[in-house]
Structures are given as structure tokens and as C-alpha cells.
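Visitor: here is my input, please return the structure:
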Amino acid sequence: MTIEIRKFSEKDVPIFYMWAEKPHVKNTWFQEGYEKKEEILEKIKGNGYDYPFLILVDDKPVGYIQYEDLAAYFGDNPDSKDKYYASEPEGTCCIDLFIGEEDYLNKGYGSKIIIEFSNWLLIKPEVKKLVIDPSISNKRAIHCYEKGGFKYVRTAKDKVDEHYIMERSHIGEVNLENDSQKEYFDKTFRGVDLAQKNVSEKTFEKCKFVKCNLNETNFRKCKFCDCEFISSNLSVMKIKDCTFSDVVYESSKIIGVNWTDAAWPQIKLTCAVGFFKCDISHSTFLGLNLREINIVECRAHDVDFREANLAHAHLTCSDFEGSMFVNSDLTKADFTFAENYRIDVSLNKIKGAKFMLPEAIALLDGLDIELISSS
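Guide: Alright, predicted model coming up:
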């Protein structure tokens, strides 16, 4: 079974209209006083606050889900009668969904969809909180949203019905410093603040760290396997005797880290770490086996790559100002669109490496030759 959520398009309108006439959808979404089905056309074109999506199971369209930016909505509709969300802070989004195909009702799809859709939304930097408002009589929906991580906060009444207001603002919030749990699998940590804290002897597999503050965190003997760090601050973190396998850092600040403190495997099977759109300046990779590593669109000022194995590395679009390459293996490394590197070709292996002009002219600096202009 494969669940897919993709943007709603005009070609999906006929099936949306069909679902809108089905009693289990019409009686909750399109009853008198709520929205009209034709409003989907405005949402597809883009009204600035509603974002519609189609739900598919094994490529079959089965339902609809949307999120609404509440600040944008009330900015455009200051006289709206739906006032019970008007006081929500900026960055709050409201989720609505329905399963249109009867054969897919009460099969557990709803909770799986709401979990994945909510996780995806909460990764967005601009999204701070999610809310959802099932009818107080819809016990099945309330249970589904509870399984999706939403918690009841209050009851509110609109012009038609009474609702449970439920919200979710954190993914998997735990106290990593003091909790007794040693292993975490497929868990997302959002907004965790472990600055200057100690985290020892824990294993993280297929975990995500989103917008976390790990500045000067002291990790010791921890294992990270197939993990992602997104929009997080990991500067000056300590990684004594930690192991890494297929760990990706994206849009994160990772300044001043001594990567040689980690426990690197004697036999390299996969790339331990990769960096995308990160700042890894003032870090040390002295003598490490970084074959096939990704350092893409990064700021890498004053980084120590001496004696490191960077063969087949992807170093594209990165800024290497002040970084040291001495006795480094750069065989078939890709420096396409990279800049500010200073590499002495007599002190490094560069056979098959890719460079671009005009930056590649800097490779001639160590050859003790004089370039003469043809003009």
C-alpha cells in the first residue's frame, strides 16, 4: 500500500464534485452555512491562504486534504464570522480533510495521512502550529486526530455546529538529556533545545531533527544511522566516540565541529555524513575518509581537509575560502561552481577532478609559473 499526497489540479475537479454529493461528505463539508463545492476552483488558482491536495492510495484518488494559513485568511477576510481562530498567532495553519471513497473509510488511512501531512507541514520554517476542528459529535474523527498527535484544547461553536479545537505544535518532544530511553527509531524531534546539554549512549535510527538547538551539545558514544538534521544549530557540538552512517545535514549551522573525535569505521561502506546548504566553517576533517561525501551549496570557510580522502566527493557550489587541502585525495572530486578554493596541485591528488573557470586558475598558484596576457 502506497499513500501519496499531491497538489490538487483542475483535472481533479470532477471527482471532487462527485465526492461532494456523497452523504458522508456533504453532511460534514457542504451543508448549509459552510463552504460551497465550487470554491475549490478559487483554491486551485490560489487565493493566498488555502492549499488543496489530492489523496491517493496505490495511485487511486480516494480523498481530499488542505491546509489554510489562518493569518493570511483573516488578513483577507477581517469580517469573517469564523472568529474562533481569529486570535491564533501567525504561523498557525488549519487542516481539513475527507475520505471520499466509501471503501477506504474506517480502514486506518485517515490517521496515517494526518500524521504524514502534519509532519510535512511542521518541517516548514513558517509553520509554528497546526489546528483542526472536528465536530464534537464526530468521535471517529477525533480519535483519528488524537492518533495523529493532536490534543484537545477547547470547545468552540460556529453558526452550524459545536467543535473540538485540537492542536499540534511539536513532533515527538522528549527530554533527551535525562530520559532513560536508549534507542529511537523513525522519530522526529522538533524544536528540541539541548544547548550545552549532555546526551550519552543513545541510538537514533531514521530520525529527524527539525529546527533544533544543539549548540555546544555534548554527544558522547551516540549512534546516528540514516538520520536528518534540518534547519538546526549544531555549532561547536561535541561528538566524542559517536558513529555516523548516512546522516544528512540540510540548511543547518555546524560551525567549529571537530569531526575527528567521532568513531569512524575502519571499513567504509557508505558515506557517513553529507551537507547541503549548511555552514560548516572552522570545522576539522583532518585525515578522515570522506570518499563520495556531499558538501553542496555550503559555506566552508577555514575548514581543515588536510590528508582527507575526498575522492569522488561532490563539492559543488560551495565556498571554500581559507580551507586547507594538503596531502588530500581529490581524485575525481567535483568542484563545479565551487569558489575561493586554494589547492596546490603538487601537494594533492587531483586526477580526474572537475573545476570551472575562472576559479580553476587558482590551481596554477603552486606551480611557480608566470602567466602572460596575450594582449
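
Visitor: what's the next secondary structure element after the helix or strand harbouring Phe229?
Guide: For Phe229, the element it lies in under DSSP states H and E is strand 228-230. Going down the chain from strand 228-230, the next helix or strand is strand 238-240, by DSSP H and E.

Visitor: pLDDT averaged over the next helix-or-strand element following that following strand - what is it?
Guide: Downstream of strand 238-240, the first helix or strand assigned by DSSP H and E is strand 243-245. The predicted model gives strand 243-245 an average pLDDT of 92.

Visitor: and if you look at stretch 336-350?
Guide: Per-residue scores along stretch 336-350 average to 93.

Visitor: only the C-alpha atoms, please, for stretch 144-154, written as PDB.
Guide: Once non-C-alpha atoms are left out, stretch 144-154 reads as follows in PDB (Å, rounded to 0.1, in the frame of the first residue of the first chain):
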ATOM      1  CA  CYS A 144      -8.100   9.700  14.300                       C
ATOM      2  CA  TYR A 145      -6.600  13.100  15.000                       C
ATOM      3  CA  GLU A 146      -5.600  12.000  18.500                       C
ATOM      4  CA  LYS A 147      -3.600   9.200  16.900                       C
ATOM      5  CA  GLY A 148      -2.100  11.800  14.600                       C
ATOM      6  CA  GLY A 149      -0.700  13.700  17.600                       C
ATOM      7  CA  PHE A 150      -3.400  16.400  18.000                       C
ATOM      8  CA  LYS A 151      -4.600  17.300  21.500                       C
ATOM      9  CA  TYR A 152      -7.900  18.800  22.700                       C
ATOM     10  CA  VAL A 153      -7.500  22.400  23.800                       C
ATOM     11  CA  ARG A 154     -11.000  23.800  23.900                       C
END
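
Visitor: what sits up against that stretch?
Guide: 110-111, 114-115, 118, 130, 132, 134, 142, 164-168, 171 (C-beta atoms under 8 Å, 6 or more residues apart in numbering). For the C-beta atoms, the positions are set from N, CA and C on the backbone; glycine is no exception.

Visitor: tell me the one of the residues you listed nearest Pro14?
Guide: Nearest to Pro14 out of the contacts of stretch 144-154 is Gly110 (C-beta to C-beta; 23.3 Å).

Visitor: wait, the closest one touches Leu97, no?
Guide: Yes - Gly110 is within contact range of Leu97, at 7.4 Å (criterion: C-beta atoms under 8 Å).

Visitor: state which strand of the chain is the longest.
Guide: strand 60-69 (DSSP state E).

Visitor: by contact count, what packs against that one?
Guide: Where contact means 3 or more C-beta pairs under 8 Å, 6 or more residues apart in numbering; DSSP states H and E, strand 60-69 is packed against helix 13-20, strand 50-57, strand 92-99, helix 109-123.

Visitor: winner for burial among these?
Guide: strand 92-99 (a mean of 21; mean count of other C-beta atoms under 10 Å).

Visitor: rounded mean pLDDT for that one, please.
Guide: 92.

Visitor: partners of it in the sheet?
Guide: When pairing is defined by DSSP bridges, strand 92-99 lines up against strand 60-69 (antiparallel), strand 129-132 (parallel).

Visitor: for the ones you listed, give me CSV that also has distance to Glu32 and mean pLDDT.
Guide: Shown next, in CSV, are the strands paired with strand 92-99 (distance: least, C-beta to C-beta, whole Å; pLDDT from 0 to 100):
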stretch, distance to Glu32, mean pLDDT
strand 60-69, 20, 94
strand 129-132, 22, 92
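
Visitor: just the terminal-to-terminal distance for stretch 300-307.
Guide: One end of stretch 300-307 sits 17 Å from the other (C-alpha to C-alpha, to the nearest Å).

Visitor: what lies in contact with it?
Guide: Contacts for stretch 300-307 (C-beta under 8 Å, 6+ apart): 280-287, 318-328.

Visitor: and the pLDDT at Val13?
Guide: Predicted confidence (pLDDT) for Val13: 95.

Visitor: quick one, what contacts it?
Guide: For Val13, the contact set (C-beta under 8 Å, 6+ apart) comprises Ile40, Leu41, Ile44.

Visitor: what about those residues, which are in helices?
Guide: Counting by DSSP state H, the part of those found in helices is Ile40, Leu41, Ile44.

Visitor: pull the number of nearby residues for the last one.
Guide: Using other C-beta atoms under 10 Å, Ile44 is surrounded by 18 other residues.

Visitor: same question, the one 3 residues further on
Guide: Around Asn47 sit 15 other residues, with neighbours defined as other C-beta under 10 Å.

Visitor: ok so, going back, out of the helices and strands packed on strand 60-69, which gets the lowest mean score?
Guide: helix 109-123 (a mean of 83).
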